[in-house]
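Engineer: curious how this folds, go ahead:
(one chain, ligands or ions: 1)
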Amino acid sequence: MGKVATTSSARVSFKGAQRWAAGHPWIFRSDLVEPPSSPPGAVTVFDSRQKPLGIALWSPHSEISLRLLDTNPDATINADWWHDRIARAIQRRESLDAHANAFRLLHAEGDAVPSLVCDRYDRWLVVQLLSAGIEQYRADIVKALVALTDADGILARNDPPVRAREGLARETTLLVGDVPQEIEVHEHGIRYIAAPWTGQKTGAFLDQREARARIAKYAHGRALDCFSYHGSFALHLARAADHVTAIDSSRAALERAAQNADRNGLTNIECVEANAFDYLRDQQRARARFDTIVLDPPAFAKTRQALTSALRGYHEINLRAMKLLAPGGTLYTASCSYHLTKPLFLEMIERAAADSGRRLAFREFIGQALDHPEVLTIPETGYIKGAILEALD
Ligand code: SAH
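Structural biologist: Predicted structure coming up:
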C-alpha cells in the first residue's frame with residue numbers, strides 16, 4: 001500500500017460509494033460516515049464494509065468532501081502521478097494546435113483532475129486550484145505543467161468565489177516566471193488580446209472558440225453580436241458579413257473590441273455600448289432586420305432558484321432576435337448557465353420560435369469542444385449549449 005493510504009482514510013456510506021460506482025467523482029459531507037482526521041490532501045476511501053474504493057482529495061470545509069483521484073486504492077499520489085494524469089489530458093488536445101494558440105489544457109473533473117483548471121494562452125498558462133485538497137499538490141502540478149509545456153510563466157487566477165467555500169483565500173498570484181498583462185491569441189485566423197490577470201474567467205472565453213469559427217461559416221449581410229465582450233464573435237462575423245454591430249454593456253470590453261478589430265484590419269465593426277435587452281427591443285420597434293445574429297449572454301441562472309427568472313430573460317432575447325432575423329438569416333443562440341439543462345434550453349428556443357411567428361429551421365446543436373470535455377456521468381462538467389437556427393422565410 002502507498003504512503004498516503006496508510007496515513008489517512010475516510011469511510012463513506014453506501015450512497016456515497018454508489019456515486020463513484022455510477023461514474024461521478026464527488027462524495028458529499030452527508031455521505032461521510034467517518035471523516036479523515038488529517039488536514040486537506042489525498043486520503044484512502046473505504047466503504048461501510050471496510051472495502052477500499054480508491055484515493056480522493058479531501059476538503060474539510062466544503063460540502064463536497066471527497067473528489068475521486070484514482071480507483072486504485074494502492075496508488076501513490078505524487079509528482080509522477082500528476083505528471084501522467086496531466087500528460088494524458090494535454091495529449092488529447094494536440095489537434096487544436098493547428099487552429100489556435102489558446103485553449104483549455106485541464107478541464108477539472110472532465111479530465112479526471114478534480115477542481116483543477118488550466119488554460120493555455122500561447123506560451124503562458126493560467127491555472128485555477130479550486131479545492132483545499134488540490135492546493136496540497138500545487139508544487140507537483142506546477143512541476144508537471146512546466147515539464148510538459150515548457151511554459152514561460154504560470155499565473156494562478158485563484159479568484160473564483162468557490163474558493164471561499166473551501167476555506168481558501170481568493171487571490172491572483174504568479175507561480176512561475178512572468179505572465180504579461182496582454183497576450184495575443186490566434187483562433188481560426190482571427191487575432192485578439194486576452195487579459196490573463198484581469199479579464200473574465202482566465203482572460204478570455206475559450207469555451208466558445210469552436211462555435212465562433214462555426215458561425216462564421218453562416219455569416220452574411222448585416223450582422224449583430226449581442227453580449228460581445230471584447231468582440232470575439234464580431235471579429236469572426238466581420239470576415240464574412242458586410243457590417244457587424246457589436247453590443248456590450250461594458251465600455252472597457254468594447255474598447256478592447258475596437259482594438260481587436262484594428263489588429264485584424266477589420267473596418268466593418270461598429271461597437272455600441274448598450275443593454276442588449278433594450279437594444280433588441282428598440283431595433284424591433286424600428287423594424288430593423290439582421291442577416292446574422294449572435295446571442296452569447298452571461299449565465300442568467302447562476303443558481304437553480306434563479307432559473308425561472310433566467311428563463312424569462314432567455315426567452316425575451318431569443319424571441320426578439322428571431323423577430324429581427326431577415327428571411328434566410330442565421331441566429332446563433334447560446335447559454336452558459338449550468339442550471340439551464342439541454343432539454344430546458346431546447347424547450348426555451350422552441351417556445352420563443354412559436355411566439356415569434358417565424359418559420360425557423362434547427363440547423364446545428366453546438367456543445368463543448370474537445371478541450372472542455374463534458375463527461376456524461378458528471379453533469380457539472382457541461383454548461384455550454386448553442387444552437388444555429390435559420391429563418392426559412
Ligand atoms: N461572446 C463573448 C462572451 C460574452 S460574456 C465571447 O465569446 O468572448 C458576456 C458579456 O455580456 C460580458 O462582456 C458582459 O459585459 C456583457 N453583458 C452582461 N449583461 C449585459 C447586458 N444586459 N447587455 C449587454 N451586455 C451585457
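Engineer: would you mind listing what in the protein touches the ligand?
Structural biologist: Contact residues, the chain versus the ligand (C-beta under 6 Å from any ligand atom): 205, 208, 227-229, 232-233, 247-250, 253, 275-277, 296, 298. Every C-beta, even on glycine, is put in place using the N, C-alpha and C of the backbone.
Engineer: filter those residues to the buried ones?
Structural biologist: The neighbour count (16 or more other C-beta atoms under 10 Å) marks 205, 208, 227-229, 232-233, 247-249, 253, 276, 296 as buried among the residues of the chain next to the ligand.
Engineer: could you identify the most distant pair in those?
Structural biologist: Largest separation among those by C-beta to C-beta: 208 and 249, giving 18.2 Å.
Engineer: restricted to strands, list the buried ones among the residues of the chain next to the ligand.
Structural biologist: Cross-referencing those against strands under DSSP state E gives 247, 248.
Engineer: quick one: buried residues of the helix ranked longest in the chain?
Structural biologist: The longest helix of the chain (DSSP state H) is helix 307-324. Across helix 307-324, burial judged by 16+ other C-beta under 10 Å covers 307, 310, 311, 314, 317, 318, 319, 320, 321, 322, 323, 324.
Engineer: per-residue confidence for the last one?
Structural biologist: Yep, that's residue 324 we're talking about. Reported pLDDT at residue 324 in the predicted model: 98.
Engineer: test my guess that it contacts residue 224.
Structural biologist: Yes. Taking C-beta atoms under 8 Å as the definition, residue 324 is a contact partner of residue 224 at 7.4 Å.
Engineer: so what sits against both of those two?
Structural biologist: Residues touching both residue 324 and residue 224 by C-beta atoms under 8 Å, 6 or more residues apart in numbering: 283, 290, 293.
Engineer: of those residues, closest to residue 64?
Structural biologist: Taking these together and measuring to residue 64 by C-beta to C-beta, the closest member is residue 293, at 38.5 Å.
Engineer: quick one on the thing from earlier: turn the buried ones among the residues of the chain next to the ligand into CSV, including pLDDT and distance to residue 161.
Structural biologist: As requested, those are arranged in CSV below (pLDDT from 0 to 100; distance: C-beta to C-beta, whole Å):
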residue, pLDDT, distance to residue 161
205, 97, 18
208, 98, 22
227, 98, 21
228, 98, 25
229, 97, 20
232, 96, 24
233, 98, 27
247, 98, 27
248, 98, 23
249, 98, 21
253, 96, 21
276, 98, 24
296, 98, 22
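Engineer: one step back: of the shared contacts of residue 324 and residue 224, which is the most crowded?
Structural biologist: Highest neighbour count within the shared contacts of residue 324 and residue 224: residue 293, with 29 neighbours (other C-beta atoms under 10 Å).
Engineer: where along the stretch 151-300 of the chain do the strands fall?
Structural biologist: Assigned strands in the stretch 151-300 of the chain, in chain order: 153-158, 171-177, 183-187, 190-194, 222-226, 243-248, 269-273, 290-295 (criterion: DSSP state E, counting those that start in this stretch).
Engineer: so which of those is nearest residue 377?
Structural biologist: strand 153-158 (27.5 Å).
Engineer: please parse this structure into its domains.
Structural biologist: Annotated domains of the chain cover 9-70, 79-183, 205-391 [automatic domain parsing].
Engineer: in the stretch 51-200 of the chain, which residue sits nearest the ligand?
Structural biologist: residue 200 (6.4 Å; C-beta to the nearest ligand atom).
Engineer: how about the contacts made by the residue nearest to that residue when sequence neighbours are not counted?
Structural biologist: Counting by C-beta to C-beta, 6 or more residues apart in numbering, the nearest residue to residue 200 once its immediate chain neighbours are dropped is residue 229, at 6.8 Å. Counting by C-beta under 8 Å, 6+ apart, residue 229 makes contact with 200, 205, 248, 250, 253, 257.
Engineer: run a quick neighbour tally on the first one.
Structural biologist: For residue 200, the count of nearby residues is 14 (other C-beta under 10 Å).
Engineer: report the buried residues of stretch 178-188.
Structural biologist: Those would be 179, 180, 182, 183, 185, 187, 188, for stretch 178-188 by 16+ other C-beta under 10 Å.
Engineer: put the alpha carbons of that stretch into CSV.
Structural biologist: The C-alpha coordinates for stretch 178-188 follow below in CSV (Å, rounded to 0.1, in the frame of the first residue of the first chain):
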residue,chain,number,x,y,z
ASP,A,178,6.4,36.0,-15.8
VAL,A,179,3.0,36.4,-17.4
PRO,A,180,2.2,39.5,-19.4
GLN,A,181,-0.8,41.7,-18.9
GLU,A,182,-1.8,41.1,-22.5
ILE,A,183,-1.4,38.0,-24.7
GLU,A,184,-2.2,37.8,-28.4
VAL,A,185,-4.5,34.9,-29.1
HIS,A,186,-4.8,33.3,-32.6
GLU,A,187,-8.0,31.5,-33.3
HIS,A,188,-9.1,30.2,-36.7
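Engineer: on that earlier part again, and residue 92, which of the strands of the stretch 151-300 of the chain is closest to it?
Structural biologist: Judging those by C-beta to C-beta, what sits closest to residue 92 is strand 183-187, at 18.7 Å.
Engineer: sorry, back to before: okay if I get the strands of the stretch 151-300 of the chain as JSON lines plus distance to residue 372?
Structural biologist: As requested, the strands of the stretch 151-300 of the chain are exported to JSON lines (distance: least, C-beta to C-beta, whole Å):
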{"stretch": "strand 153-158", "distance to residue 372": "17"}
{"stretch": "strand 171-177", "distance to residue 372": "22"}
{"stretch": "strand 183-187", "distance to residue 372": "15"}
{"stretch": "strand 190-194", "distance to residue 372": "16"}
{"stretch": "strand 222-226", "distance to residue 372": "21"}
{"stretch": "strand 243-248", "distance to residue 372": "23"}
{"stretch": "strand 269-273", "distance to residue 372": "27"}
{"stretch": "strand 290-295", "distance to residue 372": "19"}
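Engineer: sweet, I'm off.
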